[in-house]
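Q: got a predicted structure plus its sequence, pasted below:
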Amino acid sequence: MRRLLAWWQHPDFVLGWREMAAVSPGLMAWGLMTGVAMVKSGMSVPESLAMTLLVFAGSSQLAAIPLLAAGAPAWVILSTSFCVNLRFVVFSAHMRPYLMHLPMRWRLLQAYLTADLSYVMFTRRFAHPPQSEPERRAQLAYLSGGSFFNWFSWQGSSLLGIGLANVIPTHWGLGFAGILALLGVGCSLASNTLRRTSAAVAALAAVAAFALPLKLNIVVAIACAVALCMLIEQNVPSLREERR
């Protein structure tokens, strides 16, 4: 087990670090503007620091910030953040066979560190769970390298945004780089008909419900996409087989 957990000494750790570094500039720009947005919305510096370090979920933070600024009820903020992060339930189910051999504390660490981009890159490189101890070491090392770089780059850029909130104007629109990065992630995940249908339904529902207050169109979009795709999957066997 000691050899298994020595991921930082494995060549795949450096590989995961390097490959994440190559695709992270867009997310770093998004992290910078998230830090600026937190302070500009009226949050104190300690509150902003606590949110970026504890939450570590850019889309959830950006969904919660306007709700906090508008004085929305706590249940609305928590419900919105929960729905925005529902994709991590799917990520968790997919990653279970890869990580169940680890002790609980290491699984919790990987759960905290794993984000959209690190998940996508890991699953694209390793299509199947490990079958041997060398494969376990290689996969854990690669995942850890990418996840740690993603964490450090996000936290560094977000903290920089918090520190420079009164210097960087929000009209620069650097957050658009993060949107482009997430679009790339979304396109990578839309690998079959069911996932593409889910994305299309969510987009249409979000636009149709845009007039709802407190960003509730996000909740509506997620609910519609999940409900419709579950219905399709249960009644169209060919799509169920394709997903597998």
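A: Cool, got the structure. Residues are numbered from 1 along each chain as shown.
Q: what's the domain layout of this protein?
A: 2-189, 192-244 (automatic domain parsing).
Q: please work out which of those is packed deepest.
A: domain 2-189 (a mean of 17; mean count of other CB atoms under 10 Å). Quick note: C-beta positions are derived from backbone N, CA and C, even for glycine.
Q: what is the rounded mean pLDDT of that one?
A: The average pLDDT for domain 2-189 rounds to 83.
Q: off-centre distance for that domain?
A: On the basis of CA atoms, centre = their mean, to the nearest Å, domain 2-189 sits 5 Å off its chain's mean C-alpha point.
Q: pLDDT value on V226, please?
A: So V226 comes in at 76 (pLDDT).
Q: show me the contacts for it.
A: By CB atoms under 8 Å, 6 or more residues apart in numbering, the contact list for V226 reads 86, 198.
Q: now it: how far from A199?
A: Separation of V226 from A199 (CB to CB, to the nearest Å) stands at 12 Å.
Q: what's the answer for R137, then?
A: R137 sits 35 Å away from A199, going by CB to CB.
Q: so what touches stretch 127-145?
A: With CB under 8 Å, 6+ apart as the criterion, stretch 127-145 contacts 3-8, 10-18, 20, 97-99, 101-102, 110, 113-114, 118, 122, 125-126.
Q: for stretch 154-162, same thing?
A: So stretch 154-162 is contacted by 27-39, 45, 48-49, 52-53, 56, 58, 115, 168 (CB under 8 Å, 6+ apart).
Q: next one: stretch 51-60
A: Contacts for stretch 51-60 (CB under 8 Å, 6+ apart): 27, 30-31, 34-35, 38, 43, 61, 64, 81, 84-85, 112, 115, 151, 154-155, 158-159, 162, 178, 182.
Q: how about 6 Å then?
A: For stretch 51-60, the surrounding residues in contact (CB atoms under 6 Å, 6 or more residues apart in numbering) are 30, 34, 61, 81, 84-85, 158.
Q: how long is that stretch from one end to the other?
A: End-to-end distance of stretch 51-60 (CA to CA, to the nearest Å): 10 Å.
Q: show me where this structure has helices.
A: Residue ranges of the helices in the chain, as given by DSSP state H, are 2-5, 11-23, 25-40, 45-54, 58-69, 74-84, 87-99, 104-113, 116-125, 133-163, 175-189, 193-208, 216-235, 237-243.
Q: what's near enough to touch the residue lying closest to V207 once chain neighbours are set aside?
A: Spatial nearest neighbour of V207, excluding adjacent residues (CB to CB, 6 or more residues apart in numbering): N217 at 7.9 Å. With contacts defined as CB under 6 Å, 6+ apart, N217 is in contact with 206, 209-210.
Q: for those, give me JSON lines that also has pLDDT and distance to M230.
A: Output for these, formatted as JSON lines (pLDDT from 0 to 100; distance: CB to CB, whole Å):
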{"residue": "A206", "pLDDT": "87", "distance to M230": "18"}
{"residue": "A209", "pLDDT": "89", "distance to M230": "19"}
{"residue": "F210", "pLDDT": "88", "distance to M230": "24"}
